[in-house]
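Participant: for reference, the sequence and a predicted model appear below.
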Amino acid sequence: MKRRDFILKSSALTTLPFFAFRQKGFKVRTVVIDAGHGGKDPGTIGQFAREKDVVLKIALKTGKYIEDNIPGVKVLYTRNTDRYVDFQGRADVANKNKADLFMSIHANSIVGANAYGTETFVMGLHKDTSNFEVAKRENSVILMDENYKEKYEGFDPNSPESYILFSLNQSAYQENSLRFAQKVEDQFKNRVGRHSRGVKQAGFLVLWMTTTPSVLIETGFLSNAKEEQYLASEKGQDLISSGIYRAFRDYKEEIESIN
């Protein structure tokens, strides 16, 4: 996607009228579930578990919960096997199918620290160094793409200056992204029994490229031995995916009741 296209997209979003998201009879019909990383990109790696494997299982379980329990909702995946998909391809699944929600599922890592817990991000400017570090790590995936400098018009995931681009975008989808993100963290904390690190903002390229409410869910830390065991287990994956499912169910009900 060209830089010019990025800027045009930003301009379009800032001019969308608020009432466009209050259409009478609006239904949440299509959700895109993005399992982060994949293929040549393993993501973060614990003592034995790889992020790409853990999040794919959670993504597929989440989608099955939705399909089995919420009739009329179409579930799409950016990947359902171990393959690499670039950011443009992930965003295209949501944008071309006019998705009503996009969720990107990941696992976190901080080497040398005993950090633990979940956190859910929405698109925005990072307000502290830790948020920026998470965004840099996830955005650095573009370095694996062929001709990434041309594809992303010189965007450098390690350069703070590159993130100024995101300040052009006051997303028209911010309110509903925050709404869903909070429900995810509420489920993790109150139903799943996880430690919630809260809802945060950071400059994630994949969220910025999607023209729909979107969040990035960090399900836990593979750098924490206890959490790695949990996230790699069938039980842990079931609990995490059921929490995301319930957050989606409640979000859908709330959005449709507003409209």
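Facilitator: Perfect, thanks for sending it.

Participant: for stretch 208-220, measure first residue to last.
Facilitator: 23 Å (Cα to Cα, to the nearest Å).

Participant: give me the distance from that stretch to the chain's centre.
Facilitator: Counting by Cα atoms, centre = their mean, to the nearest Å, stretch 208-220 is centred 3 Å from the centre of its parent chain.

Participant: what of stretch 43-59?
Facilitator: 15 Å.

Participant: also stretch 79-97?
Facilitator: 12 Å.

Participant: packing partners for the longest helix along the chain?
Facilitator: Longest helix in the chain, counting residues (DSSP state H): helix 234-258. Using 3 or more Cβ pairs under 8 Å, 6 or more residues apart in numbering; DSSP states H and E, the elements in contact with helix 234-258 are helix 51-69, strand 101-108, helix 174-187, strand 214-221, helix 225-232. From N, CA and C alone the C-beta is placed, and that goes for glycine too.

Participant: okay, these in a markdown table with mean neighbour count next?
Facilitator: A markdown table is the format used below for the helices and strands packed on helix 234-258 (neighbours: other Cβ atoms under 10 Å):
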| stretch | mean neighbour count |
| --- | --- |
| helix 51-69 | 21 |
| strand 101-108 | 27 |
| helix 174-187 | 22 |
| strand 214-221 | 27 |
| helix 225-232 | 19 |
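
Participant: just want the angle from the longest helix of the chain to helix 174-187.
Facilitator: Relative orientation of helix 234-258 versus helix 174-187 (axes from the mean of the first three to the mean of the last three Cα atoms, to 10 degrees): 140 degrees.

Participant: tell me the mean pLDDT for helix 234-258?
Facilitator: On average, the pLDDT along helix 234-258 is 97.

Participant: mind listing what's buried along that helix?
Facilitator: 236-237, 239-252, 255 (16 or more other Cβ atoms under 10 Å).

Participant: what about the closest residue to H195 other than its chain neighbours, how many residues nearby?
Facilitator: Ranked by Cβ to Cβ, 6 or more residues apart in numbering and with sequence neighbours excluded, the top spatial neighbour of H195 is G117, at 3.6 Å. Neighbourhood size, G117 [other Cβ atoms under 10 Å]: 19.

Participant: list the contacts for G117?
Facilitator: When contacts are counted by Cβ atoms under 8 Å, 6 or more residues apart in numbering, G117 touches 194-197, 220-221.

Participant: how far away is the residue nearest to R50 when sequence neighbours are not counted from Y84?
Facilitator: Closest residue to R50 apart from its sequence neighbours, by Cβ to Cβ, 6+ apart: P42 at 4.6 Å. Distance, P42 to Y84, by Cβ to Cβ, to the nearest Å: 10 Å.

Participant: what do you get for V55?
Facilitator: V55 is 14 Å from Y84, by Cβ to Cβ.

Participant: quick check: the two most widely separated of the contacts of G117?
Facilitator: Across the contacts of G117, no pair lies farther apart than S196 and F221, at 13.2 Å, counting by Cβ to Cβ.

Participant: in a markdown table: the helices and strands packed on helix 234-258, plus distance to E133.
Facilitator: Listed next are those as a markdown table, based on distance: least, Cβ to Cβ, whole Å:
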| stretch | distance to E133 |
| --- | --- |
| helix 51-69 | 16 |
| strand 101-108 | 10 |
| helix 174-187 | 19 |
| strand 214-221 | 12 |
| helix 225-232 | 18 |
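
Participant: for H37, find the nearest of those.
Facilitator: So among the helices and strands packed on helix 234-258, helix 51-69 is nearest, using Cβ to Cβ, at 4.1 Å.
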